[in-house]
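Sequence first, predicted coordinates after that:
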Amino acid sequence: MKYLHNNLYKMCSYFYIGVSAGLLAVSTSVFAESASEQIIVGEQSSSLVQYVNKQKPYNPKDKQVAALQTRLIPYLKPSENIAYYQAIKALTWLSYAAHEGSEKSLSSARTGALQQAKYIIDALEQGKIEKFTLTTAILSDSSVMRRDLWANAELLKQTEGFSCAQAEIAQAEVMLVWAAAEHCELGWRHSRELFLSAQSLIDQSNLKASACKSATTLELPKINYPSLQELNGDAKGCHGVKGKWPIWSPEQKVVTEPLVAKVPSNAPNVVHFALDQSNLSKESIDVLNQVVTFLKDNPTYTLTLYGFTDARASEQYNLKLSMRRAQSVLAYLQQQGIHLDRVAVEAKGKNQTINDENQKFGHALSRRVELVYVDPEGKEVSTFNQRQDLQVEK
């Protein structure tokens, strides 16, 4: 599923994308023209300012979105006024709605995103935005995930630095709604980049808020927030927020330590393969037995398997080989009692090869399946890299 298309992020200035190699901040991010999900970062496209000056909507073929974008354009000039926070939030809601439209879906998520954008635009036009709520709604197709990021955003709104980080916070909040909805419908593989983007935006918000009015480091208080069950209810799936919202307000208690479980770090994140092979070695099985133990000890965690090859052979051949490798890992986990609904697989082929001065060693590192574990909130679990099953050509 291509969950974002190339025009979508042209709508957001100062947009930050999280990638596995690190967090790269770019003023304007665009996506590949092809149907692949690969993100292109660092390339400049037409900036938001150019579109504002031309008074043009970004999605002219989507009439509902384009009409609201046209109304929103006059309010998108960067400022420290609260209206800018709301305008960027509306812009991001329209990004979400445009995505749902690009999927040719008349989903309730699209309807909800359009409605949220319209509420804000109406308030902007009527001069009532100062009294408009700062709380971001959780749509009925979504839920609360990444409580730590939601709490961080709410705490930042109470600081003097909020005025300097409004755009990032507004985007992060809507991205969290969007990411949770994708996670509910399609799983971690489809929501990962959205969660990483939200994380990156919050990180940028903290930096901007700290540097906003003084050179002192911003230290946010530690707070206690509700459980996922209290926020989302007992029913399976996503049904919007059921508990008290927002996750925190100034009237609530500040505590000495946050109520956050420590994330385990005893899970290996890779297994390796021999040249042109997808069968598991004895050493790889030993590694996967650690994975099985970890998953059984943490029954609410999910796992995504990404298969890779070295750079040799054709792209098509390597895609099939990388999928066979991921499926070999999946089959073993299933044999050991791990339910299939907890694991997703994806073939990466010869993308993201690992280079080394010793070419054969680099090839051996590239022939792998990477394992990404996620807790119930959509947070990636810390892991360790291992090479005990590495198979270097002689």
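Good, I have the coordinates. Residues are numbered from 1 along each chain as shown.

Quick check: mean pLDDT of stretch 130-140?
In this model, stretch 130-140 has a mean pLDDT of 95.

That one: which residues count as buried?
Buried positions in stretch 130-140, judged by neighbour count with 16 or more other CB atoms under 10 Å: Phe132, Leu134, Thr136, Ala137, Ile138, Leu139. Glycine gets a C-beta too; all of them are placed from N, C-alpha and C.

same deal with stretch 242-251?
Lys242, Trp245, Pro246, Ile247, Trp248.

Mind checking which of those residues land in helices?
If you go by DSSP state H, these have nothing in helices.

Switch these over to JSON lines; also include distance to Lys350.
Converted to JSON lines, the buried residues of stretch 242-251 look like this (distance: CB to CB, whole Å):
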{"residue": "Lys242", "distance to Lys350": "46"}
{"residue": "Trp245", "distance to Lys350": "45"}
{"residue": "Pro246", "distance to Lys350": "45"}
{"residue": "Ile247", "distance to Lys350": "43"}
{"residue": "Trp248", "distance to Lys350": "46"}
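
which of those lies closest to Gln334?
Minimum distance to Gln334 across those is 33.7 Å, recorded for Lys242 (CB to CB).

Do a quick rundown of the strands in the chain.
Using DSSP state E, the strands assigned to the chain run over residues 16-19, 22-25, 30-31, 39-40, 270-272, 302-307, 343-347, 368-374.

and the second one, what's its mean pLDDT?
The reference is to strand 22-25. Strand 22-25 carries an average pLDDT of 28.

and this protein, what are its domains?
By the assignment in automatic domain parsing, the chain contains the domains 8-232, 270-374.

Low-confidence ranges, the stretch 101-250 of the chain, go.
Judged by pLDDT under 70, the stretch 101-250 of the chain has its weakly predicted residues at 103-106, 214-218.

Got the confidence number for Ala32?
27.

So for the chain, the centremost residue is which one?
For the chain, Phe195 is the residue whose C-alpha lies nearest the centre (CA atoms, centre = their mean; 1.8 Å).

Give me the distance between that residue and Pro246.
The spacing between Phe195 and Pro246, counted by CB to CB, to the nearest Å, is 19 Å.

again, but for Tyr119
In this view, Tyr119 and Pro246 are 16 Å apart by CB to CB.

how distant is stretch 62-69 from the center of its chain?
From the chain centre to the centre of stretch 62-69 is a distance of 25 Å (CA atoms, centre = their mean, to the nearest Å).

export it as CSV, just CAs?
What follows is stretch 62-69, C-alpha atoms only, in CSV (Å, rounded to 0.1, in the frame of the first residue of the first chain):
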residue,chain,number,x,y,z
ASP,A,62,-9.5,16.6,-5.2
LYS,A,63,-12.2,19.2,-5.2
GLN,A,64,-13.1,18.9,-1.5
VAL,A,65,-9.5,19.2,-0.3
ALA,A,66,-8.7,21.9,-2.9
ALA,A,67,-11.6,24.1,-1.8
LEU,A,68,-10.5,24.0,1.8
GLN,A,69,-6.9,24.5,0.9
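
Distance to Gln171 for the buried residues of stretch 130-140 - can I get that in a markdown table?
Shown next, in a markdown table, are the buried residues of stretch 130-140 (distance: CB to CB, whole Å):
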| residue | distance to Gln171 |
| --- | --- |
| Phe132 | 17 |
| Leu134 | 14 |
| Thr136 | 11 |
| Ala137 | 15 |
| Ile138 | 16 |
| Leu139 | 16 |
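
Could you double-check that Leu275 lies in contact with Glu393?
Yes - counting by CB atoms under 8 Å, Leu275 touches Glu393, with 5.6 Å between them.

who touches both of the two?
Counting by CB atoms under 8 Å, 6 or more residues apart in numbering, the contacts common to Leu275 and Glu393 are His363.

burial measure for Ser79, as a count.
Neighbours of Ser79 under the rule other CB atoms under 10 Å: 13.

Now do the end-to-end distance for stretch 235-243.
Using CA to CA, to the nearest Å, the end-to-end distance of stretch 235-243 comes to 13 Å.

Can you point out the buried residues in it?
Of all the residues in stretch 235-243, those buried under the rule 16+ other CB under 10 Å are Cys238, Gly240, Val241, Lys242.

for that stretch, the distance to its chain's centre please.
For stretch 235-243, the distance to the chain centre is 20 Å (CA atoms, centre = their mean).

Looking at the domains of the chain, which is nearest to Asn385?
Nearest of the domains of the chain to Asn385, taken as CB to CB: domain 270-374 at 6.1 Å.

Tell me, how many residues neighbour Gly362?
Neighbour count for Gly362, taken as other CB under 10 Å: 16.

pretty sure it contacts Arg368?
No - with contact defined as CB under 8 Å, Gly362 does not count as touching Arg368 (11.5 Å).

rewinding a little: now distance to Gln388 too, for the domains of the chain, in JSON lines please.
As requested, the domains of the chain are exported to JSON lines (distance: least, CB to CB, whole Å):
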{"stretch": "domain 8-232", "distance to Gln388": "22"}
{"stretch": "domain 270-374", "distance to Gln388": "6"}
